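> only geometry, no sequence info:
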């Protein structure tokens, strides 16, 4: 789920700023990543680059396809980030240059820490016929961005219920539950699914900014409608919020402390300077050992796009 990305450099400083307010609404873009799989891209956009350290958010599916026609993303590199996959329906096989090979199933998380450099593939098994997932990237802080790469799989995540909403805690602490997923900045991620038509109020960390994305159906956040076509953002300063959900509808909540260091995001790479990104691209093209190899993948590696002549915000 990491192909067909924008090839302009996204500068986290080049964004529209505003004073804290109740709710901001931003449009979501749609793109196709092969085999008819449509993704809805919420982050980054020209309206909002990051929410905490969350610097990328794709919602893939739900989609059904014939056996053998599922997701097949060939070897590609990452630096300076963690890839975070939350699987809702279907399965995907993750394989990386460390030798990790892990099938992710529904209600599990795969977390790959790229650090200094890693490459991986994402392939649906031959028998698979459906997929529904959210994939996010987490920018690593300065002191961790060149750490050794690693891969972690989390098959069991804590959950709790309030007012007939099931809250699965993907990252961080929420409603007294602590996720085991290891991240390097203060973050939260929660899947909220309604067991009946319901409304509730939840406490927030006022030092966090928050984003809300509809994974199934729609919802109302402080009276603002959340649909399949928008991202609702709450700037830091709020201590609670009201959520209204119809039965069976599902929302992803993400949040975190505003990221301290400006980042550059281009293709599959997160860095601080254009020189750093250009060097990583050249190393990928030249099969540098920084990104390793995935020997058992039957197909070509992803080709790096042309590097932009000048830095500009992605559209």
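It's in. In this text the structure is predicted, and so the values were computed from the model without any measurement.

> pLDDT at residue 38, what is it?
If you check residue 38, the pLDDT there is 81.

> just residue 308 next, same as before
On the pLDDT scale, residue 308 gets 86.

> and it, how many residues sit next to it?
Neighbour count of residue 308, defined by other CB atoms under 10 Å: 15. C-beta: built from backbone N, CA, C; applies to glycine.

> any idea how far residue 159 is from it?
Applying CB to CB, to the nearest Å, the value for residue 308 to residue 159 is 43 Å.

> now stretch 61-81, how far from the centre of its chain.
The chain centre lies 14 Å from the centre of stretch 61-81; the measure is CA atoms, centre = their mean, to the nearest Å.

> Stretch 125-145 too?
Centre to centre, stretch against its chain (CA atoms, centre = their mean), the figure for stretch 125-145 is 6 Å.

> Check the model's average confidence along it for me.
pLDDT averaged over stretch 125-145 gives 97.

> quick one: terminal-to-terminal distance for that stretch?
32 Å (CA to CA, to the nearest Å).

> May I see the buried residues of it?
128, 130-140, 145 (16 or more other CB atoms under 10 Å).

> And stretch 155-173, by the same measure?
So for stretch 155-173, counting by 16+ other CB under 10 Å, buried means 157, 158, 159, 165, 167, 168, 169, 170, 171, 172.

> want to throw those residues into a markdown table with distance to residue 51?
Below are those laid out as a markdown table (distance: CB to CB, whole Å):
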| residue | distance to residue 51 |
| --- | --- |
| 157 | 20 |
| 158 | 22 |
| 159 | 22 |
| 165 | 21 |
| 167 | 18 |
| 168 | 19 |
| 169 | 17 |
| 170 | 14 |
| 171 | 12 |
| 172 | 13 |
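
> hmm, who's touching stretch 191-201?
86, 161-168, 170, 215-216, 240-253 (CB atoms under 8 Å, 6 or more residues apart in numbering).

> follow-up on the earlier one: and the two most separated of the buried residues of stretch 125-145?
130 and 145 (35.3 Å; CB to CB).

> In three-state terms, label the residue nearest the centre of the chain for me.
In the chain, the centroid-proximal residue (CA atoms, centre = their mean) is residue 136; its distance is 0.7 Å. Secondary structure, DSSP: H, G, I helix; E, B strand; the rest coil: residue 136 is strand.

> who touches it in this structure?
43, 54, 56, 57, 58, 83, 84, 85, 86, 189, 254.

> quick one: residue 155 from residue 102, how far?
In terms of CB to CB, residue 155 sits 10 Å off from residue 102.

> For the stretch 201-315 of the chain, give me the ranges with low pLDDT.
Residue ranges of the stretch 201-315 of the chain with pLDDT under 70: 310-315.

> Now neighbour count and distance to residue 228 too, for the contacts of residue 136, in TSV please.
TSV is the format used below for the contacts of residue 136 (neighbours: other CB atoms under 10 Å; distance: CB to CB, whole Å):
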residue	neighbour count	distance to residue 228
43	25	16
54	27	19
56	24	19
57	25	14
58	22	13
83	24	23
84	26	21
85	22	20
86	26	17
189	28	19
254	30	17
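
> distance of the residue nearest to residue 184 when sequence neighbours are not counted from residue 198?
Sequence neighbours aside, residue 144 is the residue nearest to residue 184 in space, at 4.7 Å (criterion: CB to CB, 6 or more residues apart in numbering). Per CB to CB, residue 144 is found 39 Å from residue 198.

> cool, residue 176 as well?
Residue 176 is 19 Å from residue 198, by CB to CB.

> Thanks a lot, see you next time.
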